[in-house]
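Engineer: give the three-dimensional model of this entry:
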Amino acid sequence: MKFQPDKSNTLTVTGYDRGWVAVDKQRYEHSLVVCSNGSLQPWNCNSFADLGPAHFAQLADFDVETIIFGSGNCLRFPSPAWLAPLIAQRIGFETMDTPAACRTYNVLAGEGRKVLLAAVVEVPAG
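Structural biologist: Sure thing, here's the model as predicted:
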């Protein structure tokens, strides 16, 4: 019997480090939204401190079951009030640091789930 890796038609996070995330081997040095349906777009925030309710309301427009939120270089939680549009749409929401969020997104997307990664990519100071 010959084993071969499953082929996926979804976007995959192929690398990450402080200040960047690679999706399908393309490196991005800004925050981004990656959807398992194949869409990828910049997310207008340079740090966790830049986030506000409009950032999360924007995520409610995607047709997904779950949102994996990467809060940057460390684990931080958004204000619960900002999640109201997601709750209204019955979209699951999980918060973790961006590296963990990238790994979790890959697992769920690889299973064929309708998942979105909203990743804050913070450029290191210096």
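
Engineer: tell me the pLDDT at residue 63?
Structural biologist: Listed pLDDT for residue 63 reads 95.

Engineer: next: the one 5 residues further on.
Structural biologist: What the model reports for residue 68 is a pLDDT of 98.

Engineer: would you say it is within a strand?
Structural biologist: Yes - judged by DSSP: H, G, I helix; E, B strand; the rest coil, residue 68 forms part of a strand.

Engineer: my read: it touches residue 108, true?
Structural biologist: Yes - counting by CB atoms under 8 Å, residue 68 touches residue 108, with 7.1 Å between them. For glycine as for every other residue, the C-beta is placed from the backbone atoms N, C-alpha and C.

Engineer: between the two, which contacts overlap?
Structural biologist: Listed as contacting both residue 68 and residue 108 by CB atoms under 8 Å, 6 or more residues apart in numbering are residue 115.

Engineer: who has more neighbours, those two?
Structural biologist: Using other CB atoms under 10 Å, the more surrounded residue of residue 68 and residue 108 is residue 68, with 27 against 21.

Engineer: let me see the contact set for the more buried one.
Structural biologist: 94, 96, 101, 104, 105, 108, 115, 116, 117, 118.

Engineer: kindly recompute the last result at 6 Å.
Structural biologist: 94, 101, 104, 105, 117 (CB atoms under 6 Å, 6 or more residues apart in numbering).
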